[in-house]
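Asker: fold the following, please.
(chains A and B)
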Amino acid sequence: NAGVTQTPKFQVLKTGQSMTLQCAQDMNHEYMSWYRQDPGMGLRLIHYSVGAGITDQGEVPNGYNVSRSTTEDFPLRLLSAAPSQTSVYFCASSPDRGPSYEQYFGPGTRLTVT
Amino acid sequence: AQSVAQPEDQVNVAEGNPLTVKCTYSVSGNPYLFWYVQYPNRGLQFLLKYITGDNLVKGSYGFEAEFNKSQTSFHLKKPSALVSDSALYFCAVRDMYNNNDMRFGAGTRLTVKP
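Answerer: Numbering: from 1, shown residues only, chains lettered A, B, ... in the order given. Modelled structure (predicted):
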């Protein structure tokens, strides 16, 4: 199993540009999530999905959209990039939505917005 | 909402000495507690979790954590530190009422010196 994969690894955008961060998992996990990691702030939840066709907002959803058309894929879209979205983005998955499940993380995408 | 505090930004220990990385939490109901480790330029890796039962939880790479309900703490410990344990450690919590939202602490950087 490849686990959770993310592309690209690095990306530089200009303010106002849009892009999609890709995330895929091959573990047949129902729950998937997107986090951003900023220095001194830990990880903050952007959006999550409890199954195909079901998504919801996390702690910091503004400026981001998600969709979940298949169990495997959970792309994150930046609608109009802003310097405040410079961060490292992590996708994660877990077998189910229950609170006892740990999450499996991808390697991350480092995004810089100029 | 649930929250986690890691009171130390940095912990330094000598190789072979015991280590402790501190974590305190706040939840409405029963806590589900997790420790993750992040090596440079990598995603987070799961170390261990507390769901219920024995207050001392054993995990990967010789790490263990002690759950203390009265002090609302979940400190990570290892009897003998290795240089290779040097990394960024995150404590995380879910609660039974809002289990889609895993909240992370800001992280503690552990440095083990030879």
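Asker: list the buried ones in the strand ranked longest in chain A?
Answerer: Taking DSSP state E as the criterion, chain A has its longest strand at strand A:42-51. Within strand A:42-51, the residues scored as buried using 16 or more other C-beta atoms under 10 Å in any protein chain shown are A:42-50. (Glycine included, C-beta is placed from N, CA and C.)
Asker: cool, stretch B:44-56 as well?
Answerer: Here stretch B:44-56 shows B:44-50 as buried, counting by 16+ other C-beta under 10 Å.
Asker: need the residues of chain B near chain A, please.
Answerer: Within reach of chain A by C-beta under 8 Å from any C-beta of the partner chain, chain B has these residues: B:4, B:9, B:32, B:34, B:36, B:41-46, B:49, B:51, B:90, B:92, B:94-96, B:99-107.
Asker: who touches the helix or strand harbouring A:Cys23?
Answerer: With secondary structure defined by DSSP states H and E, A:Cys23 is part of strand A:19-25. Residues from elsewhere that reach strand A:19-25 (C-beta atoms under 8 Å, 6 or more residues apart in numbering or on different chains): A:3-8, A:11, A:13, A:32, A:34, A:72-78, A:81, A:89, A:91, A:93, A:104, A:106, A:109, A:111.
Asker: any of the residues you listed buried? List them.
Answerer: Burial by neighbour count, 16+ other C-beta under 10 Å: within those this picks out A:4, A:6, A:11, A:13, A:32, A:34, A:72, A:74-76, A:78, A:81, A:89, A:91, A:93, A:104, A:106, A:109, A:111.
Asker: check these against chain B, which are close?
Answerer: Within these, those near chain B by C-beta under 8 Å from any C-beta are A:4, A:104, A:106.
Asker: now, among these, which is nearest to chain B?
Answerer: Nearest to chain B among those, counting by C-beta to the nearest C-beta, is A:Gly106 at 5.4 Å.
Asker: pLDDT wise, what is that closest one at?
Answerer: pLDDT, A:Gly106: 95.
Asker: any idea which helix or strand carries the residue nearest to the spatial centre of chain A?
Answerer: Geometric centre of chain A, nearest residue: A:Trp34, 2.8 Å, by C-alpha atoms, centre = their mean. Element membership of A:Trp34, judged by DSSP H and E, is strand A:31-38.
Asker: hmm, back to that, by contact count, what packs against the longest strand of chain A?
Answerer: strand A:31-38, strand A:54-57, strand A:64-66, strand B:87-95, strand B:103-104 (3 or more C-beta pairs under 8 Å, 6 or more residues apart in numbering or on different chains; DSSP states H and E).
Asker: chain center to it, what's the gap?
Answerer: Centre-to-centre, strand A:42-51 and its host chain are 7 Å apart (C-alpha atoms, centre = their mean, to the nearest Å).
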